[in-house]
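K.L.:
Build me a model from this:
(chains A and B)
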Amino acid sequence: MGSQGGLTDFAACWRRLVAHEGFVPMDLGGLDALLGRLTDRLAEAARAEAFDPGAAGAVGSALVGAHLTEPAVLAATVSLIGTHLAAAAGAAPDRIVAIQAAVAAGYAAAIRDATMAEQELLGRSVLSAHASAERALRSSEARLRAVFHGAAIGIGVSTMDGRIVQVNQAFADLLGYTAEEMCSLVVPQLSHPEDPPEMWKMYEALISGVQDHVRMEKAYYRKDGAVVWTDLTASLIRDEAGAPEFTIAMVQDITDRRRLKRRLEYQATHDPLTGLPNRTMVGDQLERIFDTGDPDARVGLCYLDLDGFKRVNDTLGHQVGDELLVAVAQRLRTCAAGLGQLAGRMSGDEFVLLVEQSRGPAELTALAEKTLAVLAEPYQLGQHRMRVSASIGVVESNVRTTSPAELMKAADLTLYVAKSEGRSRFVMYDADRNARQAARYELAAALPDALDRNEFSLVYQPLVGLADQRLTGVEALLRWQHPVLGELTPDSFITLAEETGIILPLGRWVLEQACGQAAEWARCFPRSPVSVSVNITVSQAHEPTLPAEVESILARTGLDPSLLVLELTESAIMDTNGPLQALASLAERGIRIAIDDFGTGYSNFAYLRRLPVHTLKLAGPFVDGLRDPAGGDSVDELIVETIIRLAHAIGISVTAEAVETRLQADRLRALGCDTGQGWLFARPMLPARVADLLRDGTVS
Amino acid sequence: MTGSSDWVPAGIDVNRPSAARVYDYFLGGAHNFAVDRALAQQIAAMTPNIGETMRSNRVFLRRAVRYLVEHGVRQFLDIGSGIPTAGNVHEIALAAAPDAAVVYVDIDPVAVEHSRAILSGVDRAGVICADVRDVDRVLGEAGRLGLLDFSRPVAVLLAGVLHFVPDSDEPAATVAALREAMAPGSYLLVSHATADGQPSEVVEAQRLSGRTATEIVLRTREQIAVYFEGFSLVDPGLVFIPLWRPDPVDPADEHPEQVGAYAGVGRKD
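P.N.:
Numbering: from 1, shown residues only, chains lettered A, B, ... in the order given. As a prediction, the model looks like this:
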């Protein structure tokens, strides 16, 4: 009739079967407890007087409730009931069959319910997942819309056929339309005359899908006609298949930024005082003209400088000077008002008139003439009424044969010529003159290196006593052995040396060489003392360090000061601001001072008396006047005679330069001239030849 | 917008099998569609052990959660939770410790909605939809539910999920970021499919799994051990799933390698 032990075995057996058959979502203790409970329920069902299918069915549904849902679990359970429950619980076979049926029915019903519930739950989950996704999508769309409408940057969407379908408020505001109005437009209606030609090509590339983004600066007309400049980025949006679907344009207002940029550009290229284009812009324009690629294009340039502008500034003040410049600029602007003409200010009082596509030199000379006339009209500046002239260098050329820099340089040089030819005029560029000028500059540039490279040397021209033909001294003369031009005499470079300042080291070098040489001769020929004359230029004479320098050179070379003669020009020595004090101190040391080229300047004898001068060198033209064999009583002879007499009267000796004929020498001797120098006696010679002469004592 | 699915959740396509629903099917659930069942049957035909693997993974999870509760853990972050059919983490944890808190994370919006339905009325558990690869988002959203406090020890459960992350997505870096965010005393749980000791048909099953949203990547024990870097593995270490603290009354498994998966629990000291 069954026993508790039988039921325990039943439950243990059931557990083994279930655990073997499928997933058990609980540990073994839990499973034991569950199956123990269900075994008891089965036993009750087996023993009950009246069979309750519901109680047996509950066992089946409890299995499902515990998630023991493997079909094999049911099979094992039904089998186990069939084979073991009768014995374990003590029941009739028909009751066992009824229990099996009820358990199976309960299990199936529960499985059906669970499955339907789970499927329904799954279905609901899918639906709510969709709903969540929709919500997220909607909020994402809402956010995008907010970004679109709220963006400070203008955004517009257009279709591939150019219809504008959506714009945000910022875009509409930027162009002064309502968003609806803009959506009735097509993209080409937003064109502007300043759109670069390549812009619509870029737009084509965009909508044809060749390019995905384009960016440019673009102008738009606002609805009210005003112009607004934007930084435009247009992007192509493709559909899922990659085909172009629509374009998005994003625009940012850069009108102010552009205006500022324009202003900065203007400031960088214009002179703030006169408003004329400045050097930078003139240079840019020239570059542009030369870059046009037309080899036959011609260009003209007037380089202009006001005459005596510095004096206006110095006497009337800078403010009046500035006013004058403004007035001049205004007149120049009217002069260069023609097509392709440009007036610019280079610096200070230098201006240019640039003529693009010049029709020839005549056009330029006409322009220069007109400009001179216009500028010559009187100026009324406040209470000042003044006239100002200008000098102009004019160049006209084919662009093929020159460059912007050369053109500018040529005009500048030509202006210099106009200045030196007396101002208030224009001079047309002359290639030869320009070449000479350029050569001069080149020579000037080569001077400093020439000194370093020892390209200079000294030759010496004897000075001879007219009475006895004896060698009394030599004049040191500078020569430049130019590597390309050959031997150059001082006429061709001393002025340049003065201008460049190289004269000071060069003069020092000459002095040192000459003194060294003379000291050597004095040592070798102590019985034939011979002085050396060295030319001192105006700027050397003005150098405060000259006496100290001479002193140290004498000390270094050991030359007796009485053997050194410094030759200065009349104008250098007479200069009231000049080096009188220095000369006096040199003379006190025993150094002799000679006035070179006497008679070409002021020739002020009264003044001469107070000067520390020992010798006058008669200028060449006087000596030249004594050449004529017939001219015994010429004026020149009279002048020479007078000079000699007066000089002697105040204790000054006289040397005649450029003595070339015996007749001249005889006449000079007759007139009492002390010393002669010239080709008649000797040409400038190398030091070794001088030594030969010293050995002989006389000049033959 | 990379690294965040904040704008639109992952797509819902019930015409493709879902890993969560296939798993549910193997666990005897009905939260699945024909397409899921068809794939499950295909996989089962190729690898007869697959059902066992998935069931033993579930069993491991139950044992491990109990272990963690016994060791004082009260916070659980179950990443890749799928459709919790039966024996869920929150049921196990809350049964053992009513003050426990559980947050489920899954990438499948349907699984998330399902979990939400199951969890309605359970105030100690919550669910979020996120991708394990987006650690910042996982931690951020999980934290916002107000259930977990990451300044205190937490158990992060990565049961059967990392093998869905391909090498190109750098799963090791993902796990490292999680480890980094965990407070000392926290635990990391990993179970992961492997080809170690597996017959070649497993490779075919892996190929088939490509029909679900993600492919399964089988990794070696060595590769899986990297996920615990800096953590101390609790006994018995990283082992085939049936060997991880089996129930003493269970018969010993003679071929534990046949489940084709490793399991391990590590502690942040």
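K.L.:
C-alpha from now on. contacts and neighbour counts both.
P.N.:
Will do.
K.L.:
quick one: contacts for the residue nearest to residue A:32 when sequence neighbours are not counted?
P.N.:
Nearest in space to residue A:32, with sequence neighbours left out and distances taken as Cα to Cα, 6 or more residues apart in numbering or on different chains, is residue A:15 at 6.6 Å. Applying Cα atoms under 8 Å, 6 or more residues apart in numbering or on different chains to residue A:15 gives the contacts A:31-32, A:35.
K.L.:
If we only consider the residues you listed, which is nearest to residue B:108?
P.N.:
residue A:31 (31.8 Å; Cα to Cα).
K.L.:
what about the closest one, which helix or strand?
P.N.:
Using DSSP states H and E, residue A:31 falls within helix A:28-47.
K.L.:
Alpha carbons only: can I get the helix or strand following that helix in PDB?
P.N.:
Helices and strands here follow DSSP H and E; after helix A:28-47, the next one along the chain is helix A:53-65. Output of helix A:53-65 as PDB, limited to C-alpha atoms (Å, rounded to 0.1, in the frame of the first residue of the first chain):
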ATOM      1  CA  PRO A  53      -7.800  15.900 -11.900                       C
ATOM      2  CA  GLY A  54      -7.100  19.500 -10.900                       C
ATOM      3  CA  ALA A  55      -4.800  18.400  -8.000                       C
ATOM      4  CA  ALA A  56      -2.800  16.100 -10.300                       C
ATOM      5  CA  GLY A  57      -2.800  18.700 -13.100                       C
ATOM      6  CA  ALA A  58      -1.300  21.200 -10.700                       C
ATOM      7  CA  VAL A  59       1.800  19.000 -10.500                       C
ATOM      8  CA  GLY A  60       2.300  19.300 -14.200                       C
ATOM      9  CA  SER A  61       1.800  23.000 -14.200                       C
ATOM     10  CA  ALA A  62       4.200  23.300 -11.200                       C
ATOM     11  CA  LEU A  63       7.000  21.700 -13.200                       C
ATOM     12  CA  VAL A  64       6.500  24.300 -15.900                       C
ATOM     13  CA  GLY A  65       6.300  27.000 -13.300                       C
END
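K.L.:
tilt between helix A:53-65 and helix A:28-47?
P.N.:
If you take axes from the mean of the first three to the mean of the last three Cα atoms, to 10 degrees, helix A:53-65 sits at 160 degrees to helix A:28-47.
K.L.:
pLDDT (mean, whole number) over helix A:53-65?
P.N.:
For helix A:53-65, mean pLDDT rounds to 89.
K.L.:
In terms of secondary structure, what does whatever helix or strand comes next after it contact?
P.N.:
Downstream of helix A:53-65, the next assigned helix or strand under DSSP H and E is helix A:71-80. When contacts are defined as 3 or more Cα pairs under 8 Å, 6 or more residues apart in numbering or on different chains; DSSP states H and E, helix A:71-80 sits against helix A:4-21, helix A:93-150.
K.L.:
and the first one, which residues are buried?
P.N.:
The neighbour-count check on helix A:4-21 (16 or more other Cα atoms under 10 Å in any protein chain shown) flags A:6-11, A:14-15, A:17-19, A:21 as buried.
K.L.:
pLDDT and distance to residue A:362 added to those, as CSV?
P.N.:
Below are those laid out as CSV (pLDDT from 0 to 100; distance: Cα to Cα, whole Å):
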residue, pLDDT, distance to residue A:362
A:6, 81, 139
A:7, 84, 136
A:8, 86, 134
A:9, 86, 134
A:10, 87, 133
A:11, 87, 130
A:14, 88, 127
A:15, 86, 124
A:17, 85, 124
A:18, 83, 121
A:19, 79, 119
A:21, 72, 118
